[in-house]
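Q: Okay, predicted coordinates and the sequence, questions at the end:
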Amino acid sequence: MLRIRLIVTGNLKEAYWRSAAAEYEKRLGAYAKVEIVELKESRLPDSPGDNDITNALEREADAILAALPPRAYKIALCVEGKQLSSEQLAEKLDTVMQNQGDLALIIGSSHGLSPRIKQMADFRLSVSALTFPHQLMRVLLLETVYRSLSILHGGKYHK
């Protein structure tokens, strides 16, 4: 069974986000062992400068690197990543299941990810060219992974 560690910077503040994420985490349980690791988002001043943001992303990168499973296939979510269809993501996840068995999905803070994390990732994924709220991205990613695993297992969820 695929082991998925979702590493996210920041937490879900509103109950409706937590509820939606919990629903997809529960559904994913049929196909994978899922662990969500929430890391603290670095504090920034009210009007952060570029250096403030860079330093914060580097602190967050250290925490992300410490949370990564040793042999996991690492997928970083970022705007410059590749967009895949549900079927294409299903194929990628199938390859990960066959070769590694461990998958780490990484969502950065509202300012994104450090270039260091993007460079060390095995794959950079963009869910859409659109911009989404940070908290919604966790729900979208869980749904997307659930849909892809449902495709692989012949489920009826994907239409």
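A: Thanks, I have it.

Q: so where is the chain shaky, pLDDT-wise?
A: Residue ranges of the chain with pLDDT under 70: 157-159.

Q: how does it look with 50?
A: Residue ranges of the chain with pLDDT under 50: none are present.

Q: now residue 58: how far from residue 113?
A: As for residue 58, its distance to residue 113 is 11 Å (criterion: C-beta to C-beta, to the nearest Å). For the C-beta atoms, the positions are set from N, CA and C on the backbone; glycine is no exception.

Q: How about residue 2?
A: In this view, residue 2 and residue 113 are 23 Å apart by C-beta to C-beta.

Q: Show me where the protein has its helices.
A: 15-28, 50-67, 86-99, 115-120, 134-152 (DSSP state H).

Q: contacting residues around the fourth one?
A: It stands for helix 115-120. Residues outside helix 115-120 that contact it (C-beta atoms under 8 Å, 6 or more residues apart in numbering): 58, 61, 64, 65, 74, 76, 78, 80, 106, 108, 124.

Q: do stretch 55-67 as well
A: 5, 7, 9, 37, 39-44, 48, 106, 108-109, 111-114, 116-117, 120.
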